[in-house]
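Asker: just a sequence and a predicted model for now, questions to come.
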Amino acid sequence: MTDQSTLSQAELEAIERKYDPELAFRTAGPIMAVVISIPLVALAFYQYYASGFGLIRELLHRGIFLAFMLGLIFLLFSWRRSLTPEVAPKAWWRFDGVPIFDIVLAALGVTAALYLPLLPPQITAQRVGNPAPFDVFMGTALLLLVLEATRRSVGWTLPFIACLFIGFALFGPIMPGALKHGGASWTGLINHLYMTNQGIYGIALGVMAKYVFLFVLFGVLAMRIGLGQLFIDLAMAMAGRYAGGPAKVAIFSSAFMGTISGSSIANTVTTGSLTIPAMKRIGYPPHFAGAVEATASTGGQITPPILGAAAFIMVEYLEIPLRDVLAAALFPALLHYFGVLTMVHLEAKKLGLRGLSRAELPQVLQVLRAHWAAIVPLAVLVYLILSGRTPDYAAVWGITACVVVGFLNPNPDYRLNLRSFWNALADGSRSTLAVGAAAATVGVVVGVVTLTGVGFRLGYVVVQTANDIGTFFGGIWPFSFFSVAQWALFFSLLLIAIACILMGAGIPTTATYIILVAVAAPALAQLQVQPLVSHFFVFYYGVLADITPPVALAAYAAAGIAGSNPFKTGNTAFRLGIAKALVPFIFVYSPSLLLVADGFTWSAFVITLTGAVIGIGLLGAAFSGYLLTHLKGWQRWYIGLVSLLFVAPGLLTMTLGLLLIVPLVLLQLRDRRAAAQAA
């Protein structure tokens, strides 16, 4: 690939640190660097052994995982977040760059996390509901350490939300209206959050320990053996020569990268370092170039087979096979990329942008010849998942394939040796620390929800509010053509979507998803929405927060590479990702789009998919201001409104939409011929 980034590797790392707190590690001295690397690598080996070959009690496994998380976070993350990885100055209260206080906190974190799991199971069972004073002390210590570890590695928002929920549990009698409840004592709260599997040691932490760590490690190893470079080069060879080529390369490469990475910011920086300068070079405005990369990169969290961590949470909550979750995710993800690709293509046509020349593009055969071995681990992973194996089994053998291919890689640039293998294992463990702490904190929120029943209370409030709004609109013509129940469902979805986007501002997507499933799923259940559909609805809007101002972290990272205004980049990214905002409404009204939802029929699927493709394409034209030629203002509004008829599933609405759009297409053909003759 001939196009090179205009930013150095250090500058790219600084952008990642600025917009992704999960990567803001402190730089320790040489002694502590080695000391810290040992438990990082030990964690990778432990997780590989425990998932592939060990038979470890569930609570003990979660406790060991949490102990690693807390110990390493206090060693690797500073009290105050630093944007530069500078080595701390020497001081009596530091040991080789790490404060002694943080070393003490790391030891306390390990002790508190292991105290309960190491007790004999019969003693633990006897104390549930009646914890000993020392149990309450250790539970309190663990709760405080988890909140602090999450603050350091993720930021203030999630611990603040957890504290609000803790306050809600303690002060229930003084809560207003439907939120009022009997309240809980501190001992009762700690008993629920610490002594049971409904809190810190709950499903969220269990999924991280059982599945997510392995898939993150697989992604890191796959990148090290050249799979990421294969994806970028293939995308360049496939799409680079077309109009606005680098923008389409950004979409294809981000889609490919999404199969092995669930991080929007990491995808943005990895592929954007190459595609954003190339987009600017052929004429795209900087803010548009950054927005394209950010929007495409957020697709990684909704792209099979990894889906960030959400796929595995769904497996646990819904008790369905992983392959069913991946099947349900397939077409919504494709519609997202189709929407972005449509807008990019129309923008290129409007601006008259060219593609890349043949000399600027790699050859497909050369790319495959150089990196063919890197595809083997992904093929192993996907085959095992589709054959019905458990996710952890598939991940273990995917990792094994990465190691074998890495040491035997015919491409010397991506061949592993002992040092690079050690570093890859350490990087894989390091990449999971923040999400592990976030999972424990999310367990606190979910624990309060199950203890107080606030999920059903909030669901009731949402449904009642939507019913009131629906009743108001139902009495006004022409809105009265729809029933109050239909308006109630629509406004419930709208309120929940807004809540998801607001909640997702600055919080990891998986944490947002788990919290909102606990709170929003009861509301959707009252409206007869299928559990699988409600989970995907909440998940999609949580992901959308990464490109929705005012806290659009992926867009801001892309703006840092593009040198553009961050807010303008975020607004443009949201416009480009508008398909992702519409798709959840589509599969709520027509669950057949998810393939494995109850009531699936091929006829409903084909009608829904066809309407969605046409509707999203027309909506892209409306936002871009270009269809067959430039659109006038009224034409953009007209197309935008007509596009909603295609998005609403059904033959009647599609037929009406076609009848309304044909006259405008004929006008566009006339205008294009007139422009060609004038030229």
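Answerer: The structure has been received and is ready for your questions. The shown structure was predicted, so the numbers you read here are calculated from the model rather than taken from an experiment.

Asker: strands along the stretch 1-150 of the chain, start to end?
Answerer: 94-95, 98-99 (DSSP state E, counting those that start in this stretch).

Asker: give me the buried stretch members for the biggest helix by length in the chain, please.
Answerer: Using DSSP state H, we find that the single longest helix of the chain is helix 322-351. Judged by neighbour count (16 or more other C-beta atoms under 10 Å), helix 322-351 contains these buried residues: 322-326, 328-350. For glycine as for every other residue, the C-beta is placed from the backbone atoms N, C-alpha and C.

Asker: same question, stretch 445-465
Answerer: Neighbour-count burial for stretch 445-465 [16+ other C-beta under 10 Å]: 445-449, 451-452, 454-459, 462-463.

Asker: that stretch: end-to-end distance?
Answerer: Using C-alpha to C-alpha, to the nearest Å, the end-to-end distance of stretch 445-465 comes out at 24 Å.

Asker: contacts for it?
Answerer: Outside stretch 445-465, the residues that touch it by C-beta atoms under 8 Å, 6 or more residues apart in numbering are 161-162, 165-166, 168-169, 172, 177-179, 181, 184, 188-189, 192-193, 196, 198-200, 202-204, 488, 491-492, 495-496, 514-515, 518-527.

Asker: for the residue nearest to Met32 when sequence neighbours are not counted, what are its contacts?
Answerer: Nearest non-adjacent residue to Met32, counting by C-beta to C-beta, 6 or more residues apart in numbering: Asp96, 4.2 Å away. By C-beta under 8 Å, 6+ apart, the residues touching Asp96 are 28-32.

Asker: show me which of these are buried.
Answerer: 28-29, 32.

Asker: between the residues you listed, which is nearest Ser534?
Answerer: Nearest to Ser534 among the buried ones among the contacts of Asp96: Ala28, at 44.4 Å, using C-beta to C-beta.

Asker: surely that closest one is in contact with Phe95?
Answerer: No - applying C-beta atoms under 8 Å as the test, Ala28 and Phe95 come out as separate, 9.1 Å apart.

Asker: so what sits against both of those two?
Answerer: In contact with both Ala28 and Phe95: no residue, using C-beta under 8 Å, 6+ apart.

Asker: report the buried residues of stretch 395-414.
Answerer: In stretch 395-414, counting by 16+ other C-beta under 10 Å, buried: 395-406, 409, 411, 414.

Asker: I meant to write stretch 230-247 there.
Answerer: 230-247.

Asker: tell me how far the ends of that stretch are from each other?
Answerer: 18 Å.

Asker: just checking the distance from that stretch to the centre of its chain.
Answerer: 24 Å (C-alpha atoms, centre = their mean, to the nearest Å).

Asker: tell me the mean pLDDT for that stretch?
Answerer: Averaging pLDDT along stretch 230-247 gives 81.

Asker: shaky segments in this protein?
Answerer: 1-23, 81-89, 92, 261-263, 308, 504-506, 550-551, 679 (pLDDT under 70).

Asker: centroid residue for it?
Answerer: Gln301 (3.9 Å; C-alpha atoms, centre = their mean).
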